[in-house]
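Colleague: sharing a model prediction with you, sequence too.
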Amino acid sequence: MRLKYTQWYKTLSFTQKNTLYSARGGETSSQWREQIAVPGKLRIDYLPLTQRSGVLFDGSRIHTFDNGRAIDAQPGVNALLLITADMYALPPDRATRLLDSLGFDLSKLRRDTWDGQSAYVVGAAAGDSTTSQFWIDAERLVALRVVQKERRGTRDIVTDVRLGKFAELGGFPIATEVLQYRDGRLVFKEQRENVRVNEPIAESVFDPTKWVAR
């Protein structure tokens, strides 16, 4: 992936329309503003901005804010951000360690197809759709799917994120729709609009101590 894209985007920002699907068939809509700085940084502001609420990933920790107040901070790495963006910028040994820490078995690699496209699958054997794994388009070398199995309480939860509707933006293939399935049921749809590539983003945007300064 790094050899194909010798230079990857440094920043990405967009407005995101969300649809949350309930188990009973209901739908709830929302909007976010997302700003990314590669590697490792992601700010999600829940719209309208007057809420002053959202989530900030600073590369090693996840910060949560509500009405301008910091309410939680925990260690954590965003797997989707790592696989879709950071792997093009991080040294391979660093990316490998992070993927291993998230439970992806890098010793397992195979070829498969996804929506008619040839793909590399890392982390799971053929026929295994629940073990943590990620799928990479064999030609464009961009992520198509990220599956994570996590233990929550007494049961395993399988989250299956599928990226699609790619568009060439700023010279890069960017997914403009993301579908999230949980235990086989569609639970969340993201539609990305007003995508901006490599526009300057101030470092203070990703500083948790300055969340309400903007």
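Modeller: Noted; the coordinates are in hand.
Colleague: which parts of the chain are strands?
Modeller: Applying DSSP state E to the chain gives strands spanning 11-21, 27-37, 41-46, 54-58, 61-66, 69-75, 109-114, 117-122, 133-137, 143-152, 155-169, 172-182, 185-197.
Colleague: so which of those is the most surrounded?
Modeller: For the strands of the chain, the largest average neighbour count (mean count of other C-beta atoms under 10 Å) is found in strand 133-137, namely a mean of 22. The way it works is simple: take the backbone N, C-alpha and C, and place the C-beta from them, glycine included.
Colleague: that one: how far from the chain's middle?
Modeller: Put simply, strand 133-137 sits 13 Å off its chain's centre (C-alpha atoms, centre = their mean, to the nearest Å).
Colleague: hmm, who's touching it?
Modeller: Strand 133-137 is contacted from outside by 1, 83, 104, 108, 112, 114, 117-124, 142-147, using C-beta atoms under 8 Å, 6 or more residues apart in numbering.
Colleague: turn the strands of the chain into a markdown table, including distance to residue 208 and mean pLDDT.
Modeller: Below are the strands of the chain laid out as a markdown table (distance: least, C-beta to C-beta, whole Å; pLDDT from 0 to 100):
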| stretch | distance to residue 208 | mean pLDDT |
| --- | --- | --- |
| strand 11-21 | 18 | 98 |
| strand 27-37 | 14 | 98 |
| strand 41-46 | 10 | 98 |
| strand 54-58 | 5 | 97 |
| strand 61-66 | 4 | 96 |
| strand 69-75 | 7 | 95 |
| strand 109-114 | 36 | 97 |
| strand 117-122 | 32 | 97 |
| strand 133-137 | 28 | 98 |
| strand 143-152 | 24 | 94 |
| strand 155-169 | 25 | 96 |
| strand 172-182 | 25 | 97 |
| strand 185-197 | 23 | 98 |
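Colleague: dump these into JSON lines; add distance to residue 207 as well.
Modeller: Listed next are these as JSON lines, based on distance: least, C-beta to C-beta, whole Å:
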{"stretch": "strand 11-21", "distance to residue 207": "15"}
{"stretch": "strand 27-37", "distance to residue 207": "11"}
{"stretch": "strand 41-46", "distance to residue 207": "10"}
{"stretch": "strand 54-58", "distance to residue 207": "8"}
{"stretch": "strand 61-66", "distance to residue 207": "10"}
{"stretch": "strand 69-75", "distance to residue 207": "12"}
{"stretch": "strand 109-114", "distance to residue 207": "38"}
{"stretch": "strand 117-122", "distance to residue 207": "33"}
{"stretch": "strand 133-137", "distance to residue 207": "30"}
{"stretch": "strand 143-152", "distance to residue 207": "27"}
{"stretch": "strand 155-169", "distance to residue 207": "27"}
{"stretch": "strand 172-182", "distance to residue 207": "26"}
{"stretch": "strand 185-197", "distance to residue 207": "20"}
